[in-house]
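J.: after the sequence you'll find the predicted model.
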Amino acid sequence: MAKDVGIVAKNVIKSFDSIIYPKAIRIFTPFTQRIPVSSCNLDRTINKLLLKYEPKVKINGLFPHQAEFLKAYFEDGYGNFIITSGTGSGKSLCFWIWIFDHLIRDSDANAILCFPTQALMWGQAERLVRLSEPDSLIFPDGGDTIFYGGTIKIGSKSLPWTIWHGVGWGSTRDEKMADHEESEFFKAARIRIATLDKANWSLIEKHKDFLRHLRCIVLDEAHMYDGVFGANVHYFLERVYLSCEVLGETKPYFFLASATLSSAEDFAKMLLPVQACEDLKHIKDTTNQEIELIPVSSASDELIHPRTDGLLRMVFLLDCENVKVDIPKFMSSKNGLGDNVNAIYFSQSKYRSKRLKLRLMKENKVRDAVIYDADLPPKRRREVEKLLNNNRDKGITLIGTSALELGVDIEGLDVCIIQEIPPSQADMLQRMGRVGRRVDSPGLVIMCLSSEPRDRSILDAPQEAFKLDLTKTIPIPLHLEMVKWRHMLAAYIEWMAALKKGDASWTDFNNALKTYFGETPKYPDLKERFEERYGSLVDTSERAWVHKGFRASASEGKVVLKENGNEVARIDDIAIFRDAHPEAVYLGHDLKRYRVVGYEGQWKIAQWEHQDSDVILGKWLKAIKTVELKQEKRNIITRGLWDENFDLYKSSMNSADHLKLPKKGVLEFGIWTYSRRFQGYKEIDLSDEERTRTVSLDDVKRRFKEAKDRGENPPFLFDFSYRTLGWQWRFKSIKFEENEENDQRSLGRLTCNILEHFLADAVESRISDLQIGLDLEDSTLQVLDSTPGGNGLSEALLAEDRMQSALQRCEKRLSKFRGRAENQKFKKFVLDLCRDEPQHSANEVENVIKWLYANWSR
């Protein structure tokens with residue numbers, strides 16, 4: 001295997017000799033001295049289980065952080081843990097041993113493992129399949145691809161486990177999962193492997209018997225739980241603790257597994273209930289990566305003969321500025337990737353993935369190409385994962401999107417190709433981490449660098465580009481009242497039936513509510529408080545409304561695309577405007593072309609009457625159950641076109657007494673409506689991508705009317721809209737010199753790109769949780785919650801002088817770049833912060849921020 005990767009490295013050097021950077025970046029993660037398993041003094045049962053889970057440790061021993069965890073845990077047998085370590089360093093071994101031991105010692109105990117994505121959930125389930133008794137495995141489809149559970153024998157004890165994911169609704173409803181949830185096996189399973197979304201939605205209200213005996217909660221990839229998502233996770237965990245108190249049961253222990261991050265203990269103390277942090281142990285991998293530049297000519301030999309005392313990744317940089325580089329040709333060639341390695345190619349979009357596969361299938365005689373993205377039907381996704389994990393098939397190119405970034409442990413990958421560098425360093429490192437995950441499998445990474453400023457910075461300082469930034473803390477905005485109140489209402493709804501029946505004590509519930517949320521308002525008062533502030537934003541008529549908005553997404557779910565009853569794909573409902581609009585031609589993963597011929601839906605649920613609101617959160621999209629397709633003969637596809645805008649729907653200035661408003665100018669705080677309106681589409685000739693034509697909405701309408709006149713039922717796409725919270729400040733115009741007036745737009749854009757980081761930091765959120773716009777021509781600053789239904793961040797900016805403080809800190813930071821001597825430092829600052837090269841000086845940006853601060857501060 002290593003030899004084959006080395007041969008590919010030689011082919012890269014030969015094929016791209018004129019543009020390859022003369023130095024390769026060798027990223028080596030050395031194994032510190034392994035620790036014998038015997039030194040941990042494990043009992044016989046756990047020792048046997050550990051060796052069954054990871055047979056290699058019998059000979060190679062444990063990583064030091066694994067041994068440290070086992071010793072720390074078995075000293076007292078309890079406690080909460082956070083483990084931080086790099087890719088492929090055995091975190092899962094630790095949390096599985098932790099779970100198994102708890103469940104062996106307490107025959108009534110249960111455990112739940114929560115993951116941020118289904119791909120990670122299925123990856124961990126695959127590990128349990130290998131430990132399970134073969135005849136215990138449950139395959140609901142009668143095959144051997146999708147499994148729902150099994151039983152693990154540990155000594156004389158049996159531990160049944162199960163997958164647990166949402167059953168969906170409408171055409172995406174998973175009847176097999178729904179039936180499985182009702183089975184005796186599911187009810188008896190002591191380990192549930194789930195996504196956090198499913199646990200939030202169902203664990204407390206519908207599965208109190210399981211919750212009653214819940215003793216272990218694992219949160220994997222914990223570094224992903226930041227921003228508003230992190231706040232929702234925190235308050236969900238508070239609800240779990242509240243529920244255990246109402247049940248009169250012992251509260252569960254937590255195990256957080258994460259990539260290396262700064263201030264790990266502080267992060268864990270924000271994410272977890274405060275009571276869980278009293279006995280929190282942090283186990284960290286102290287290994288430091290060695291990042292060195294070596295002559296590119298020697299890289300192939302190192303890959304062929306890799307060191308056995310660590311993990312090796314070799315990075316080749318191709319300088320593609322002003323050069324047309326044919327990566328697909330290299331991927332298709334016997335003298336390129338060849339047919340003895342498996343490769344992953346990261347595409348920036350699903351559309352580009354399919355275009356690449358079209359070309360590879362046309363030219364390739366030696367390799368197979370497989371697409372893996374979030375639109376694949378579930379069964380097909382499991383089939384692709386199984387194909388890549390069998391370690392037998394070679395010569396496969398896996399074309400992936402961001403669905404494959406997050407720690408998905410697909411075994412058989414040797415080469416990673418990144419033709420477009422993603423915006424963030426974390427995403428780039430995650431993609432690289434898909435290869436070189438095993439000591440006997442070195443990874444080769446091929447990166448194409450464009451003229452983008454971020455790409456050029458990699459060439460300027462290659463070693464620095466691949467060092468993990470440990471200075472950035474992970475923000476969680478626990479101060480958001482909107483999020484907190486929603487979870488308090490969720491706690492009421494989850495317990496209301498039991499409280500009314502007398503199966504739970506109101507006194508216990510109120511005491512727990514006070515302990516974990518700090519107050520005990522009555523349910524009607526709390527709901528009235530929420531609706532008074534946010535009633536026009538959120539559809540509270542649906543019983544499950546409190547569990548929505550767990551993640552910031554305009555999509556409310558998947559819509560199935562079908563041809564003659566056969567599922568072709570599952571797309572996000574909001575993606576209908578792009579991929580499945582009226583008259584659309586959709587390119588399937590099988591590279592067949594499909595014409596959209598109709599929508600099937602439950603139109604009654606699209607109607608919602610509210611005294612203050614007529615349309616909210618894309619009701620018509622939610623009503624679309626299935627998109628009907630038929631195969632298209634013409635060699636074309638389409639991409640939808642639409643207009644979108646935000647407009648103030650309802651001012652909330654009459655209830656803004658709690659906010660600190662600017663000294664000058666006019667600020668409008670309230671509810672804003674986002675709307676998206678279909679405007680036609682672009683038709684693309686697949687044989688020549690440059691041959692396109694635009695089809696106007698008028699043309700679509702005309703054919704729609706003609707079809708209706710013939711008695712047909714053609715697809716029609718209503719406007720999509722949702723409401724969110726936010727504000728717009730109209731400030732006094734800045735006076736620019738005459739020669740500067742034409743640059744106001746670019747200066748506003750640069751200032752906004754810098755300022756948004758300080759605004760997000762002021763409310764402890766991700767940048768993506770807010771939508772910020774600065775228009776210097778119109779003299780307006782707009783700040784909106786990016787979450788449909790709002791998340792409260794824009795409101796929080798107006799409280800406690802956060803906005804004033806953010807402007808002040810931004811101005812102070814910019815003041816460090818005054819003078820020509822600091823120009824290069826400012827350029828690097830903007831490049832690192834915004835992935836862009838500034839077209840204006842630090843002084844110009846600072847003057848804008850000073851103006852905003854002078855007009856805001858009181």
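T.: Nice, thanks for sending it over. Values in this document were obtained by computation on a predicted structure and should not be read as measured data.

J.: helices of the stretch 651-800 of the chain, start to end?
T.: Here the stretch 651-800 of the chain has its helices, by DSSP state H, counting those that start in this stretch, at 697-709, 744-762, 793-797.

J.: which of the ones you listed is buried the deepest?
T.: For the helices of the stretch 651-800 of the chain, the largest average neighbour count (mean count of other CB atoms under 10 Å) is found in helix 793-797, namely a mean of 27. For glycine as for every other residue, the C-beta is placed from the backbone atoms N, C-alpha and C.

J.: sorry, back to before: out of the helices of the stretch 651-800 of the chain, nearest to Tyr681?
T.: Closest to Tyr681 of these is helix 697-709 (CB to CB; 7.7 Å).

J.: dump the C-alpha coordinates for that closest one into PDB.
T.: Presented in PDB, the C-alpha positions along helix 697-709 are these (Å, rounded to 0.1, in the frame of the first residue of the first chain):
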ATOM      1  CA  LEU A 697     -40.100  33.300 -15.500                       C
ATOM      2  CA  ASP A 698     -42.400  34.700 -18.100                       C
ATOM      3  CA  ASP A 699     -41.600  31.700 -20.400                       C
ATOM      4  CA  VAL A 700     -42.200  29.300 -17.500                       C
ATOM      5  CA  LYS A 701     -45.500  31.000 -16.600                       C
ATOM      6  CA  ARG A 702     -46.700  30.800 -20.200                       C
ATOM      7  CA  ARG A 703     -46.000  27.100 -20.500                       C
ATOM      8  CA  PHE A 704     -47.600  26.600 -17.100                       C
ATOM      9  CA  LYS A 705     -50.800  28.300 -18.200                       C
ATOM     10  CA  GLU A 706     -50.800  26.300 -21.500                       C
ATOM     11  CA  ALA A 707     -50.400  23.000 -19.500                       C
ATOM     12  CA  LYS A 708     -53.200  24.000 -17.100                       C
ATOM     13  CA  ASP A 709     -55.500  24.800 -20.100                       C
END
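
J.: quick one: average pLDDT of it?
T.: What helix 697-709 shows for mean pLDDT is 94.

J.: ok, now stretch 30-43?
T.: For stretch 30-43, the mean per-residue pLDDT is 87.

J.: that stretch: end-to-end distance?
T.: Start-to-end span of stretch 30-43 (CA to CA, to the nearest Å) is 30 Å.

J.: run the chain-centre distance for that stretch.
T.: 34 Å (CA atoms, centre = their mean, to the nearest Å).

J.: quick check: buried residues in it?
T.: Using 16 or more other CB atoms under 10 Å as the test for burial, stretch 30-43 gives Phe31, Arg34, Ile35, Val37, Cys40, Leu42.

J.: same question, stretch 774-788
T.: 774-776, 779-788.

J.: for this protein, longest strand please?
T.: strand 666-685 (DSSP state E).

J.: direction included, what does that one pair up with?
T.: strand 636-651 (antiparallel), strand 688-696 (antiparallel), strand 720-730 (antiparallel) (DSSP bridges).

J.: turn those strands into JSON lines, including distance to Ala189.
T.: Converted to JSON lines, the strands paired with strand 666-685 look like this (distance: least, CB to CB, whole Å):
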{"stretch": "strand 636-651", "distance to Ala189": "43"}
{"stretch": "strand 688-696", "distance to Ala189": "50"}
{"stretch": "strand 720-730", "distance to Ala189": "38"}
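
J.: of those strands, which is nearest Glu181?
T.: strand 720-730 (30.6 Å).

J.: quick revisit: out of the helices of the stretch 651-800 of the chain, which gets nearest to Lys812?
T.: Of all these, helix 744-762 sits nearest to Lys812, with 9.9 Å by CB to CB.

J.: the closest one packs against which elements?
T.: Identification of packing neighbours for helix 744-762 by 3 or more CB pairs under 8 Å, 6 or more residues apart in numbering; DSSP states H and E yields strand 770-775, helix 802-814, helix 823-834, helix 842-856.

J.: at 10 Å what do you get?
T.: Packing contacts for helix 744-762, counted by 3 or more CB pairs under 10 Å, 6 or more residues apart in numbering; DSSP states H and E, involve strand 770-775, strand 780-785, helix 793-797, helix 802-814, helix 823-834, helix 842-856.

J.: tell me the angle that helix makes with strand 780-785.
T.: Taking axes from the mean of the first three to the mean of the last three CA atoms, to 10 degrees, one finds that helix 744-762 is oriented at 40 degrees with respect to strand 780-785.

J.: pull the CA atoms of helix 744-762 into CSV?
T.: Extracted in CSV, the C-alpha atoms of helix 744-762 (Å, rounded to 0.1, in the frame of the first residue of the first chain):
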residue,chain,number,x,y,z
GLN,A,744,-17.4,53.3,-0.8
ARG,A,745,-18.8,50.0,-1.7
SER,A,746,-15.5,48.1,-1.5
LEU,A,747,-14.5,50.0,1.7
GLY,A,748,-17.9,49.1,3.3
ARG,A,749,-17.5,45.4,2.3
LEU,A,750,-13.9,45.3,3.8
THR,A,751,-15.0,47.1,7.0
CYS,A,752,-18.0,44.7,7.4
ASN,A,753,-15.8,41.6,6.9
ILE,A,754,-13.6,42.8,9.7
LEU,A,755,-16.3,44.1,12.0
GLU,A,756,-18.4,40.9,11.8
HIS,A,757,-15.7,39.1,13.8
PHE,A,758,-15.9,41.6,16.6
LEU,A,759,-19.7,41.6,16.7
ALA,A,760,-19.8,37.7,16.8
ASP,A,761,-17.2,37.7,19.5
ALA,A,762,-19.2,40.2,21.5
